[in-house]
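In: quick one: sequence plus predicted model below, questions after.
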Amino acid sequence: MSLDNFQISVALTTELYKNSLVALDTPQIKSNSLEPQSLNFLGKNQKQILIVVNDIEAIHLNDADTTLLTGILNACKLNFNDVALINLAQHNEIDLSALQDNFNPKVMIAFGINLKSIAIDINFDNYVISKLKTMTFLNATSLTQIGKNVEEKKQLWNCLKSIFSI
């Protein structure tokens, strides 16, 4: 028996390859997994600066940390219109790709988060400016801890001066 003239019916082909074939002559259904997620965040992201926190007690950020962050942004000549602040505690299973798809950040600052929780397997030291994919990345301790430690405030400020050319 030769396989040169072996033919599979359309019905069998469709059944065998139903998860990988695409019919080009019919409208396609978009997969929801390819669409950006609807994320709850604070700010307008006008300068594509993403700030990521993990505050289990607040929707976005507790009052003391919000005051500190507002002061930090003001010192950098920024405000909440310029940034997007997302609290990971309010989102299940969000990763770096979803953050990039939703915010397209040029700069990302992570305050007190476990980087593995957003699928970053590289261990970035605190207060070291790094490149992560297409963005400038800064990993820092939590805003609560920074508010209590003058040395950490200085380290953060030195990084921010470099990132934002202040």
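Out: Structure's in. What do you need?
In: hey, which helix or strand in this protein has the poorest pLDDT?
Out: helix 10-16 (a mean of 64; mean pLDDT, DSSP states H and E).
In: and the next helix or strand along the chain from it, what does it pack against?
Out: Per DSSP states H and E, the first helix or strand lying C-terminal to helix 10-16 is strand 42-43. In terms of contacts (3 or more CB pairs under 8 Å, 6 or more residues apart in numbering; DSSP states H and E), strand 42-43 is packed against strand 83-87. Where C-beta positions appear, they are placed from N, C-alpha and C, glycine not excepted.
In: so for the spatially most central residue of the chain, what's the pLDDT?
Out: Centroid-nearest residue in the chain: residue 99, 2.6 Å away (criterion: CA atoms, centre = their mean). With respect to pLDDT, residue 99 scores 92.
In: assign a three-state SS to it, would you?
Out: Using DSSP: H, G, I helix; E, B strand; the rest coil, the structure places residue 99 in helix.
In: just the helices in the protein please.
Out: Per DSSP state H, the chain carries helices over the ranges 10-16, 63-75, 96-103, 143-148, 150-163.
In: worst average pLDDT in these?
Out: Here the helices of the chain differ in mean pLDDT, and the lowest is helix 10-16 at a mean of 64.
In: how near is the closest residue to residue 90 other than its chain neighbours to residue 88?
Out: Closest residue to residue 90 apart from its sequence neighbours, by CB to CB, 6 or more residues apart in numbering: residue 40 at 5.7 Å. Separation of residue 40 from residue 88 (CB to CB, to the nearest Å) stands at 11 Å.
In: cool, and residue 62?
Out: Residue 62 is 14 Å from residue 88, where distance means CB to CB.
In: likewise for residue 153?
Out: Using CB to CB, residue 153 is found at 23 Å from residue 88.
In: cool, residue 131 as well?
Out: Distance, residue 131 to residue 88, by CB to CB: 22 Å.
In: now swap in residue 69 and tell me
Out: Applying CB to CB, one obtains 15 Å for the distance of residue 69 from residue 88.
In: got it, and residue 121?
Out: Remark: distance between residue 121 and residue 88 (CB to CB) = 17 Å.
In: of the two, give the one with the bigger neighbour count.
Out: residue 88 (19 against 7; other CB atoms under 10 Å).
In: what residues are up against the residue nearest to that one when sequence neighbours are not counted?
Out: Once flanking residues are discounted, residue 88 sits nearest to residue 54: 4.6 Å by CB to CB, 6+ apart. Going by CB atoms under 8 Å, 6 or more residues apart in numbering, residue 54 touches 87, 88, 89, 112, 113, 114, 117, 142.
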